[in-house]
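Visitor: Requesting a structural model of the entry that follows:
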Amino acid sequence: MYNQHSIFSGLIRVFLSCSCELLVKLNRFFRYYKQWRHNLRTRYYLAEMSEHLLKDIGVTEAERQEEISKKFWQ
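Guide: Prediction:
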């Protein structure tokens, strides 16, 4: 028969296993979220730049339009 200690330690192992999987998924989600926010922010700044600033950083109007037309997850 199983004693309480072995049942309890088995439950803890299952819980920790599930918790680790959840943490991995949450970590992945937050990494994606952080990248998406970065994409939105930088594309917003790019859209607001004047022509002389674009010229300073070496970006053409066509390149700007191509970049700001992308979806946030791209």
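
Visitor: shaky segments in the chain?
Guide: 1-8, 11, 15, 18 (pLDDT under 70).

Visitor: could you list every residue that touches the most centrally placed residue in the chain?
Guide: With distances taken as C-alpha atoms, centre = their mean, residue 32 lies nearest the centre of the chain, 1.5 Å away. By C-beta atoms under 8 Å, 6 or more residues apart in numbering, the residues touching residue 32 are residue 73. To be clear about C-beta, it is placed using only N, CA and C from the backbone, and glycine gets the same treatment.

Visitor: what number of residues lie near residue 30?
Guide: 10 (other C-beta atoms under 10 Å).

Visitor: helix or strand for it, which one?
Guide: Assigning secondary structure by DSSP states H and E places residue 30 in helix 4-48.

Visitor: which is the next helix or strand following that helix?
Guide: helix 51-57.
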